[in-house]
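Participant: any chance you can model this:
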Amino acid sequence: MPAGTHLSLDISTLYLVATLAAALLGAMLLFFWRQEKIAALGWWGAAYILGAASVALWTVGGPELGWELSLAVNAVGFIACGLMWDAARAFHGRPANLIGVIAGPVLWIAAVVALDPIDPELRMIIGAAIVAAYAALTAGELWRERRKSLRARWPAIFVPLLHGVVLMLPILLGDLYRSADATIMAQVWVAAFAAELVIYAVGTVFIIVMLVSERTVSAHKTAASIDPLTGLLNRRGFSEATSRMIEREAKAGRPVTVMIFDIDHFKSVNDRFGHATGDDVLQVFANVVVASLRITDLVGRVGGEEFAALLPCSMDEALVAAERVREAFETCGVAIDDVPLETTVSIGVAGGPANTELEVLMASADTALYQAKRGGRNRVEAATEQPLSLEDARRKMIRTAAAPGEKAAASHAEALA
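Facilitator: A predicted model of the protein is given here:
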């Protein structure tokens with residue numbers, strides 16, 4: 001049997017394998033789209049199904065499809081490529097670009113009709129250029145997310161680019177392609193494209209699964225760090241975020257300041273008006289704090305009616321900001337059945353030099369908050385003593401708590417600390 005026959009059979013087999021793989025993977029993506037309600041999965045699934053149908057008809061029918069049907073089959077394939085691009089847009093929250101999706105098929109039909117009868121080589125080059133353009137757009141859409149920490153980003157960009165490069169080989173190697181061995185070169189390229197199509201179909205779905213999985217993990221991690229009622233950081237999220245900020249400010253040698261807010265008489269609000277009203281008050285206060293502080297300041301809900309903020313600034317600046325929060329909450333205008341509700345907050349503020357531990361700042365600010373409560377509430381109090389490190393604070397606590405007759409035991413405990 002001639003060598004060319006073997007090559008033709010291998011190419012057809014590869015295309016059929018790619019078709020079956022794309023169809024199955026497309027069905028899988030559509031299934032997960034229905035389950036997970038992720039729009040991008042629906043776009044990707046539709047693209048795979050249309051692409052599989054186009055390749056199957058082109059492989060089985062070949063020249064017997066006729067001019068009109070062949071034109072339509074190729075147009076469907078280009079629509080599938082456009083949907084891949086739109087899926088990448090949808091995955092990153094961007095709107096669908098249906099004009100861009102149909103631009104490729106329209107350009108293809110216009111070129112083939114205008115140049116009829118068109119040279120087969122030129123026909124293939126135009127088609128390859130359109131698919132390569134969609135592959136480049138898909139890679140570019142993924143590259144837009146370069147600021148995100150997606151570990152799967154680089155293969156997600158590399159795979160569509162590789163697909164585009166393979167398609168552009170007849171153009172990039174035009175002189176060689178049009179040499180005396182043009183027929184052999186065309187067969188080699190078609191075989192290479194068939195093999196690459198299988199890899200592209202399977203590899204792209206693998207990358208899609210990686211991207212969606214990492215996005216889901218990231219969303220769950222974010223949800224675990226956010227207070228669902230106020231939308232602020234919860235205690236865990238606040239602790240993690242402030243640790244990073246303290247470390248960054250310490251490297252720059254800048255001070256940080258902590259505020260602790262406690263809504264006055266909040267328990268009585270719940271007792272008199274119910275927890276729904278209490279939740280409304282908490283949401284109002286969260287909005288007041290966010291509006292009164294800078295975008296660079298970190299704010300979290302660390303208890304029932306207790307909130308905290310970390311500001312990369314000096315104590316004097318923080319005291320001004322704290323007064324701004326107190327005044328804004330006092331005049332926020334919360335009313336129940338048209339009756340104004342008194343809304344006040346007590347605030348403790350503590351600042352420290354670079355690299356002061358968060359626990360120390362929080363403890364110092366909590367002491368200042370206690371003083372504000374004892375002083376009549378609805379006031380801002382600053383910590384009077386410079387915060388100590390955790391080690392120094394532990395030693396001071398031991399010395400303060402020790403009675404005169406317990407000095408020896410205290411010294412022993414201090415030595416162990």
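Participant: please count neighbours and contacts with C-alpha atoms only from this point.
Facilitator: Noted.
Participant: name the helix or strand of this structure that has the lowest mean pLDDT.
Facilitator: Lowest by mean pLDDT, DSSP states H and E among the helices and strands of the chain is helix 407-416, with a mean of 41.
Participant: run through who's touching stretch 89-98.
Facilitator: 39-40, 86, 141, 145 (C-alpha atoms under 8 Å, 6 or more residues apart in numbering).
Participant: quick check: Gly203 vs Met210, distance?
Facilitator: Using C-alpha to C-alpha, to the nearest Å, one obtains 11 Å as the distance from Gly203 to Met210.
Participant: can you show me the helices along the stretch 101-250 of the chain?
Facilitator: 120-143, 153-172, 174-177, 182-224, 235-252 (DSSP state H, counting those that start in this stretch).
Participant: tally of neighbours for the nearest residue to Pro105 once chain neighbours are set aside?
Facilitator: Distance criterion C-alpha to C-alpha, 6 or more residues apart in numbering; nearest residue to Pro105, sequence neighbours excluded, is Ala75 at 4.7 Å. Ala75 has 21 neighbours, counted by other C-alpha atoms under 10 Å.
Participant: Val302 too?
Facilitator: 21.
Participant: may I have the phi/psi pair for it?
Facilitator: With angles defined as degrees, to the nearest 10, Val302 sits at phi -110, psi 0.
Participant: correct me if wrong: it contacts Arg235.
Facilitator: Yes: assessed by C-alpha atoms under 8 Å, Val302 is found in contact with Arg235 at 4.5 Å.
Participant: show me the shaky parts of the stretch 101-250 of the chain.
Facilitator: With pLDDT under 70 as the threshold, the stretch 101-250 of the chain has low-confidence stretches at 144-198, 200-201, 215, 218-220, 222.
Participant: hmm, try it at 90
Facilitator: Residue ranges of the stretch 101-250 of the chain with pLDDT under 90: 104, 108-225, 228, 236, 240, 243-244, 246-250.
Participant: for stretch 322-336, how far is the first residue from the last?
Facilitator: End-to-end distance of stretch 322-336: 26 Å, with C-alpha to C-alpha as the criterion.
Participant: could you give me the buried positions within it?
Facilitator: For stretch 322-336, the neighbour count (16 or more other C-alpha atoms under 10 Å) marks 322-330, 332, 334 as buried.
Participant: isn't there a strand covering Asn308?
Facilitator: No, residue 308 isn't Asn; it's Ala. Yes: the assignment for Ala308 is a strand, going by DSSP: H, G, I helix; E, B strand; the rest coil.
Participant: got the confidence number for it?
Facilitator: Model confidence at Ala308, given as pLDDT, is 95.
Participant: state the distance from the closest residue to it other than its chain neighbours to Gly375.
Facilitator: Leaving aside its chain neighbours, Ala308 sits nearest to Ile260 (4.4 Å; criterion: C-alpha to C-alpha, 6+ apart). Ile260 sits 16 Å away from Gly375, going by C-alpha to C-alpha.
Participant: higher neighbour count, these two?
Facilitator: More neighbours surround Ile260 than the other of Ile260 and Gly375, with 29 against 13 (other C-alpha under 10 Å).
Participant: surely the more buried one is within a strand?
Facilitator: Yes: counting by three-state DSSP, Ile260 is part of a strand.
Participant: identify the bridge partners of it.
Facilitator: Taking DSSP bridges, one finds Ala308, Gly348 as the beta-bridge partners of Ile260.
Participant: spit out the contact partners of the residue nearest to Pro105.
Facilitator: 104-106, 108-109.
Participant: what subset of the contacts of stretch 89-98 is buried?
Facilitator: Among the contacts of stretch 89-98, those scoring as buried are 39-40, 86, 141 (criterion: 16+ other C-alpha under 10 Å).
Participant: now intersect those with the helices, please.
Facilitator: Residues of the buried ones among the contacts of stretch 89-98 located in helices (DSSP state H): 39-40, 86, 141.
Participant: can you redo the residues you listed as a markdown table with distance to Ile226?
Facilitator: Converted to a markdown table, these look like this (distance: C-alpha to C-alpha, whole Å):
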| residue | distance to Ile226 |
| --- | --- |
| Ala39 | 24 |
| Ala40 | 25 |
| Asp86 | 31 |
| Glu141 | 29 |
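Participant: what distance do you get for Val349 to Ile207?
Facilitator: Remark: distance between Val349 and Ile207 (C-alpha to C-alpha) = 48 Å.
Participant: so between those two, which is more surrounded?
Facilitator: A side-by-side neighbour count of Val349 and Ile207, using other C-alpha under 10 Å, places Val349 first with 30 against 18.
Participant: that one touches Met259, doesn't it?
Facilitator: Yes: look at Val349 against Met259 with C-alpha under 8 Å: they come within range, at 4.5 Å.
Participant: so Tyr48 is in which element?
Facilitator: helix 39-61 (DSSP states H and E).
Participant: Glu381 now?
Facilitator: strand 380-382.
Participant: which secondary structure elements does that strand contact?
Facilitator: The contact analysis (3 or more C-alpha pairs under 8 Å, 6 or more residues apart in numbering; DSSP states H and E) places strand 380-382 against helix 315-330, strand 345-352, helix 358-374.
Participant: and the longest one, what does it pack onto?
Facilitator: Spelled out, it's helix 358-374. Other helices and strands packing on helix 358-374, by 3+ C-alpha pairs under 8 Å, 6+ apart, are helix 235-252, strand 256-263, strand 345-352, strand 380-382, helix 390-401.
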